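Just to be clear, the model below is a prediction. Sequence and coordinates:
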Protein chains: 4
Amino acid sequence: MVTQSGKPAPDTTRRSERSRRAIYDAALALVAEVGYPRTTIEGIAARAGVGKQTIYRWWGSKADVLLEAFLDLSHQASREAGEDFVIPDTGDLATDIKAVLRATVDQLTDPRFEAPSRALAAEGVVNEEVGRRFMTQLMEPSLQLYVDRLRAAQRAGQVRPEIDPRIALEFFISPLAQRWLQYTGPISYEYTDTLVDYALYGLAPR
Amino acid sequence: MVTQSGKPAPDTTRRSERSRRAIYDAALALVAEVGYPRTTIEGIAARAGVGKQTIYRWWGSKADVLLEAFLDLSHQASREAGEDFVIPDTGDLATDIKAVLRATVDQLTDPRFEAPSRALAAEGVVNEEVGRRFMTQLMEPSLQLYVDRLRAAQRAGQVRPEIDPRIALEFFISPLAQRWLQYTGPISYEYTDTLVDYALYGLAPR
Amino acid sequence: MVTQSGKPAPDTTRRSERSRRAIYDAALALVAEVGYPRTTIEGIAARAGVGKQTIYRWWGSKADVLLEAFLDLSHQASREAGEDFVIPDTGDLATDIKAVLRATVDQLTDPRFEAPSRALAAEGVVNEEVGRRFMTQLMEPSLQLYVDRLRAAQRAGQVRPEIDPRIALEFFISPLAQRWLQYTGPISYEYTDTLVDYALYGLAPR
Amino acid sequence: MVTQSGKPAPDTTRRSERSRRAIYDAALALVAEVGYPRTTIEGIAARAGVGKQTIYRWWGSKADVLLEAFLDLSHQASREAGEDFVIPDTGDLATDIKAVLRATVDQLTDPRFEAPSRALAAEGVVNEEVGRRFMTQLMEPSLQLYVDRLRAAQRAGQVRPEIDPRIALEFFISPLAQRWLQYTGPISYEYTDTLVDYALYGLAPR
DNA sequence: CATTAAGCGAGACGGTACGTCCTGTCTTAAC
DNA sequence: GTTAAGACAGGACGTACCGTCTCGCTTAATG
């Protein structure tokens, strides 16, 4: 998807896999250690034992590198975790969503994920392009799972049919996201459970 | 609450009001024009016709400057707007909250506010200290208004008494905030109205 | 000797003697401790417990301050030393001049004098005005003593009458000065004695 | 002779010759135009169209830059001038030295040389390291020429054999240097001729 | 099977901004 | 009216990174 710039596009087949990995590792490590603003391209290159040009050849910006590194990390994690990234369907919507949200709470407080995802979220707030990629590449797949589960619940008569699942899911996701992003309140299992109870009360038919 | 640093702490009584104003104006203008990352302390100083040291004397960072500038802007706006910053109480909770959310939508898309508040929100995501100040100084007062209005609704029997207003308000605020911050969806009056309908359905007694 | 500038000349009668002394002391101490380039007006003021403006009111530059401070120091030294600052006339010109040059060697290596006089000499090299004041106020009186002593020697028939004493004295003074200023060679009693022997051999009648 | 500093020592083979030249030119031009103290590293960099870091990478200080620039200028001048930088030997010592000193007078008053050499001399007075480099790299070669010529004169019986040429040459050089450096008197052909006459009278055998 | 062209590590380069220090002017309150 | 104190506009310092560039080197793939 390289748009035609002035430069002759680099030859992907000759790309050094070893360098790419080293760059991902260095980027994630640095963001975790010193924070995003003090993570520099030079620092990543030095830590990865790589020339700066190798970074500039393949990525357009620090955010780009981190986004890919984080995507890679997420894919690895998915592969390791197996089933965990789907929403269960026990028949009881409340139980199922509570379980998923508890897993989300765990992930949001996992130090391995926290620094880079905060960094990317922040960059995305201010840089629309990064924001949209963060959204489509990282969040969207998860959101779709909620949509699917809510549709199933509608078919089962547990959620009113006129409800738009795409909006309903925000009642579970957004309050948690905001507390995490903006320090508007503490995050806990108790909190997410309450969220689900309040929200489902409104979504269920009378 | 000035913590004892190494420096002798400047004399506030001698501070130049004219410089402060010029710095606020320059900071807000630059963020609007070139974006937060390309807004520099040197740029602010130059535009304000002020020495860099005058900025460093009174603020600790670019984020600090912008936070105060934005607070100042908000206070000005409040003063101009008068009554607009309270939640009306017509007796109909849905109507009242819809009105406030529509005003919020307007503000979030007002170019005068958008750039600086995005910048601050982003900084706050990554810098906890800024995040907490953004929260307590800018958002908290507004949130309290929601709490008050929801309490009144509880007394009027329109909201179930066991609901925690502090959590309930997030159903109105957070989805909108997330769409705005993370480009997770479009923002419109229709959307916020739907939000209120879905949420109140769950909050109201059966 | 304040030339008419735009400013109303300050009132000398109200000048604080205590401040002047403190400034001299601070200036000399700082030059000795950290060297001339790292001696600053602010540093002098702080060390002297004096406002910066007090320095700017009475002196035009750092060099000015130091020049006066050093003059003051020299006058003090003269007063303490009494007779030492005249050239003796024992009748033997060589002996007399050797004695004076040995005293000069001592002074040039006295750490109390070395730092400020090097500083002033250096400033004078590059700043003609300072150079001329250094010359007329500090060196000239001493040079005149040489002229007087050489004239006496001419009257006594120990120096050829056609010799210009003003030039002759440079054979004693300049080589020593250059070695000191420019590190062109070591300084010792033996060296100055040799200088006198070589030079007088040429100045004396055959 | 690179001492082990903390920095990794730049790669000399990759050094930009074009930048070095531009820096020399800018430094000499600025010193001539605005004087040494108002010549800044930033100014040199800007005028040379060079990044500041390029200066800091290769030189340790403003004095360092100027010293090398001046050395380079001198070498250029030597190359252009050819024979002019040796002391002639016509058999008549007085004539030969007078000629050289007249050339020196010319150089000391050549505006191309005056500003930078004053600046370096001044810096050398106050900064021993610079002083010694100024001495060894710029003055020493010329001084050696005097030593050689005086030795030849001793062999020819024109100078007493017990005279140390290294001290004798100071009678020609130092008075002139001091007048130039410290404004202790005017500089002219007549003056240097007199110097030679007075001095040789003492150096010659009876 | 050499040739050649790309990616690579390294790092010098022209720049911009940083945060600190100092300049010389100006203002305030104390004496 | 001088003084101590210190805020101010300005500007240079020396450092850290930016993104571009050029250098030899390794490493496929091709002629």
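Looks like it arrived, so ask away.

my read: A:V65 touches A:T54, true?
No. Taking CB atoms under 8 Å as the definition, A:V65 is not a contact partner of A:T54, at 11.0 Å. The C-beta positions use only the backbone N, C-alpha and C, and glycine is treated the same way.

Output stretch A:70-87 as PDB, nothing but the C-alphas.
Extracted as PDB, the C-alpha positions of stretch A:70-87 are listed here (Å, rounded to 0.1, in the frame of the first residue of the first chain):
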ATOM      1  CA  PHE A  70       2.200  -3.500  18.900                       C
ATOM      2  CA  LEU A  71       0.200  -5.300  16.300                       C
ATOM      3  CA  ASP A  72       2.800  -7.900  16.100                       C
ATOM      4  CA  LEU A  73       2.800  -8.300  19.800                       C
ATOM      5  CA  SER A  74      -1.000  -8.600  19.800                       C
ATOM      6  CA  HIS A  75      -0.900 -11.300  17.100                       C
ATOM      7  CA  GLN A  76       1.700 -13.200  19.100                       C
ATOM      8  CA  ALA A  77      -0.400 -12.900  22.200                       C
ATOM      9  CA  SER A  78      -3.500 -14.100  20.300                       C
ATOM     10  CA  ARG A  79      -1.600 -17.100  19.000                       C
ATOM     11  CA  GLU A  80      -0.400 -18.000  22.500                       C
ATOM     12  CA  ALA A  81      -3.700 -17.500  24.100                       C
ATOM     13  CA  GLY A  82      -5.900 -19.400  21.700                       C
ATOM     14  CA  GLU A  83      -9.600 -19.300  22.500                       C
ATOM     15  CA  ASP A  84      -9.400 -16.400  24.900                       C
ATOM     16  CA  PHE A  85     -10.100 -13.800  22.300                       C
ATOM     17  CA  VAL A  86     -13.700 -14.800  21.500                       C
ATOM     18  CA  ILE A  87     -16.700 -13.900  23.600                       C
END
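
Domain boundaries for chain A, per the record?
As assigned by automatic domain parsing, chain A contains the domains A:16-65, A:86-203.

Output those domains as a markdown table; include the columns mean neighbour count.
Formatted as a markdown table, the domains of chain A follow (neighbours: other CB atoms under 10 Å in any protein chain shown):
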| stretch | mean neighbour count |
| --- | --- |
| domain A:16-65 | 17 |
| domain A:86-203 | 18 |
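
closest point of chain A to chain B, which residue?
Residue of chain A nearest chain B, by CB to the nearest CB: A:G202 (1.9 Å).

Overlap in contacts, A:V65 and A:T54.
Residues touching both A:V65 and A:T54 (CB atoms under 8 Å, 6 or more residues apart in numbering or on different chains): A:I23.

Same list, the domains of chain A, but as TSV with mean pLDDT please.
Shown next, in TSV, are the domains of chain A (pLDDT from 0 to 100):
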stretch	mean pLDDT
domain A:16-65	95
domain A:86-203	92
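
quick one, which of the ones you listed is nearest to DNA strand F?
With CB to the nearest atom of the strand as the measure, domain A:16-65 is the member of the domains of chain A nearest DNA strand F (3.4 Å).

check whether that closest one contacts chain D.
No. Domain A:16-65 lies apart from chain D when judged by CB under 8 Å from any CB of the partner chain; the minimum separation is 11.4 Å.

how far is that domain from where the chain is centred?
Distance, stretch centre to chain centre, for domain A:16-65: 20 Å (CA atoms, centre = their mean, to the nearest Å).

and that domain, does that touch DNA strand F?
Yes. Counting by CB under 7 Å from any atom of the strand, DNA strand F has neighbours in domain A:16-65: A:38, A:40-43, A:52-53, A:56, A:61-62.

Reformat these as JSON lines; add distance to B:V196 and secondary structure.
Formatted as JSON lines, those follow (distance: CB to CB, whole Å; DSSP: H, G, I helix; E, B strand; the rest coil):
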{"residue": "A:R38", "distance to B:V196": "42", "secondary structure": "coil"}
{"residue": "A:T40", "distance to B:V196": "45", "secondary structure": "coil"}
{"residue": "A:I41", "distance to B:V196": "46", "secondary structure": "helix"}
{"residue": "A:E42", "distance to B:V196": "50", "secondary structure": "helix"}
{"residue": "A:G43", "distance to B:V196": "47", "secondary structure": "helix"}
{"residue": "A:K52", "distance to B:V196": "52", "secondary structure": "helix"}
{"residue": "A:Q53", "distance to B:V196": "54", "secondary structure": "helix"}
{"residue": "A:Y56", "distance to B:V196": "48", "secondary structure": "helix"}
{"residue": "A:S61", "distance to B:V196": "39", "secondary structure": "coil"}
{"residue": "A:K62", "distance to B:V196": "40", "secondary structure": "helix"}
